[in-house]
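Enquirer: no sequence for this one, just the structure:
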């Protein structure tokens, strides 16, 4: 067994995030992809068009973002869209290690479809399957698109969409109105 | 005794008398129940996070083995299922299959609030109640129950087996008189038949 | 079919990746379903395809403990998800709920006082040790090494007891709340903690003798389940599994939360990437956590007691609750917290649990419930490692690889 190496630190996360954001933005600009920025606390989302997402993903991969930490989908029924964000970061580049940058895209809520990025980031494979079963987003070109966690009948209901309602019991459930008022 | 003579008893009578003594006065049945109560083998089937406390029960501090139960490997060699927490729709199939593989007499303990009636996950769309899947003998409340209460449940199960002669009457009758056989209302394994997993190769 | 030369994949050197083919397999390759009922008690199924007894393809079939945490997190207000998310890994409770609490704190704009931060770190490290010991115990079962099971389970009880003294619960502590923690340390706790640290140091030496330097164990773990550094980075695996492959990554260092930047500790990294390296990382981490506990306990003992919740929350306490907080060090949850509203926004909270990095993406629309909580647990990210680490090994190596990845299904399935 070799002797243990050590992780150097502690590091300043704000500086890392700033560097990661600058790196990602310049990579997208170099590739000629237009994007808009959505700020978050502890990360930043770069929203691109569906048609250019594969090119954008390749640009980010080449810029040093090695893996996907989360494929986050959010359902917005009012805007009639589903946002899919690939939150990516790097393990190997010491300058941007751990800085989370999101590559996001807005899809129509009816029949959402987008190209799979698991060819660019291998680590997205299982997460894309998860988004597929919970939101019904179809990833074109995914090697093995089938439900990951749910049984097929449940997956067809797309449980994490907002129109799949789970009722929460209130503490006054079944208590008569007169008793409730005390 | 006279030399050169052999006394042969009437075998039919002897056997009848032996049967009367052993079965009629319930001694053999007692032995069967006693033996069964102290050779409980919970199967290695963990359904959820109560498994951490279940593992602690059979660890050195609480030493569940002293009560006559030890988790064992395969369902064919075991006679007790401890449902450790929530049973999801996907897991319900595995619970049922494991239960059917076990030889009788067999018992089930439901551990934790989730196994009682869903617990924290009472309104979750992916959770089933274990008592709809297999017949349960003992319920343990708690989230998660402490190892002491798991040990207590094992002792209670032993008392039930010996007090109500569950094991011996099950062997004699071929079914369990004190409890109806629970047939699941739906086929929990149906999803496997339509699963694309099996169609791939 | 006979006479055909089959190639099941290989290395693509340009990517540093092991390539697994997706074409139809020959008919004499058998499919073996392992689990969810198996000796290691892991609530997951691995579907492997074997040629003879060599694994050619592995497909982790997870979801047996999927309890819909993300959906339930959307309907239970802001406080009730804390005990809910805790159930994902109840033996690592503080580590797994702290990032959620921190994400909510970021949105609310509150910050825990310094003493509460130290208390959080204290419980996190106690939990980390207990989680690693639990992992060792299950690893012992996998390898048929029941002494390791008994020893690790027994020593884990020491730290469970410590956590129980601190919080009142064996496993489900629900300790951090937005803006603070629920309890201060009880009387006599520092000495108890020091005794536990001293005891565990002694035991680690004995672990080395009976487990890590045991020739049988070493031959089963060395050069088994190797994940090279490049592959580990591509797969995005986390925690001790990544650090066993030479990835220099630990959230406590990358994004120092609470008071980790003020404490003196090291994060060990091994470069071999095999099952043994992953095990060594865990042992070293226990040693470092013991160091942290010593420092934190000393700090807590020296500094005078102060309120353990944020100023803005403390102001809203009624006099009786203030009295309880000051005299007994217990922070009560107030009724308004059940229906509190959190300003709209998006935040990512993350932390290092015993098994690696956990990420909560919390989105608020200004209402009483989170609009969306996305949870990415360490085991969920490690699940893909099964697909890449198993092929090429014999079936009898599967328990060693499975155990060394320290995979906990309730956490992975959420």
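Expert: Alright, I've got the coordinates. On a predicted model such as this, the values are computed, not experimentally measured, just so you know.
Enquirer: What is the subsequent helix or strand relative to the longest helix anywhere in chain C?
Expert: Secondary structure of chain C per DSSP state H: the longest helix is helix C:114-143. Using DSSP states H and E, the helix or strand that directly follows helix C:114-143 along the chain is helix C:146-167.
Enquirer: Next, the buried residues of that following helix.
Expert: Neighbour counts over helix C:146-167 (16 or more other CB atoms under 10 Å in any protein chain shown) mark C:148-160, C:162-163, C:165-167 as buried. To be clear about C-beta, it is placed using only N, CA and C from the backbone, and glycine gets the same treatment.
Enquirer: go on, stretch B:70-78?
Expert: B:71-73, B:75, B:78.
Enquirer: Same question for stretch A:151-170.
Expert: For stretch A:151-170, the neighbour count (16+ other CB under 10 Å) marks A:151, A:154-155, A:158-161 as buried.
Enquirer: which other residues reach it?
Expert: If you take CB atoms under 8 Å, 6 or more residues apart in numbering or on different chains as the criterion, stretch A:151-170 is touched by A:73, A:75, A:77, A:133-136, A:147, A:150, B:89-90, B:122-126, B:191, B:194-196, C:68, C:70-72, C:75-76.
Enquirer: tell me the mean pLDDT over it?
Expert: Mean pLDDT, computed over stretch A:151-170, is 84.
Enquirer: any idea how far that stretch is from the chain center?
Expert: Distance of stretch A:151-170 from its chain centroid, counting by CA atoms, centre = their mean, to the nearest Å, is 20 Å.
Enquirer: what distance separates the start and the end of it?
Expert: One end of stretch A:151-170 to the other measures 29 Å (CA to CA, to the nearest Å).
Enquirer: So for residue A:119, what's the nearest residue that isn't a sequence neighbour?
Expert: Residue nearest to residue A:119 in three dimensions, not counting chain neighbours: residue A:141, with 6.6 Å by CB to CB, 6 or more residues apart in numbering or on different chains.
Enquirer: can I assume the one you found is in contact with residue A:113?
Expert: No: using CB atoms under 8 Å, residue A:141 makes no contact with residue A:113, being 10.9 Å away.
Enquirer: Identify, from the buried residues of stretch A:151-170, the entry nearest to chain B.
Expert: residue A:151 (3.8 Å; CB to the nearest CB).
Enquirer: Phi first, then psi, for the closest one.
Expert: phi -80, psi 150 (degrees, to the nearest 10).
Enquirer: How about it: what's its closest non-neighbour residue?
Expert: residue B:191 is the one closest to residue A:151 (CB to CB, 6+ apart), at 3.8 Å.
Enquirer: Pretty sure that neighbour sits in a strand.
Expert: No: assigned with DSSP: H, G, I helix; E, B strand; the rest coil, residue B:191 falls outside any strand and is helix.
Enquirer: That one: what's it in contact with?
Expert: A:151-153, B:89-90, B:93.
Enquirer: Secondary structure for these - can I get that in CSV?
Expert: Formatted as CSV, the contacts of residue B:191 follow (three-state DSSP):
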residue, secondary structure
A:151, coil
A:152, helix
A:153, helix
B:89, helix
B:90, helix
B:93, helix
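Enquirer: Quickly name whichever of those residues is closest to residue C:339.
Expert: Distance to residue C:339 across the contacts of residue B:191 (CB to CB) is lowest for residue B:89, with 32.2 Å.
Enquirer: follow-up on the earlier one: closest to chain C among the contacts of residue B:191?
Expert: Nearest to chain C, judged by CB to the nearest CB, of these is residue B:90 at 5.1 Å.
Enquirer: Nice, that's everything, thank you.
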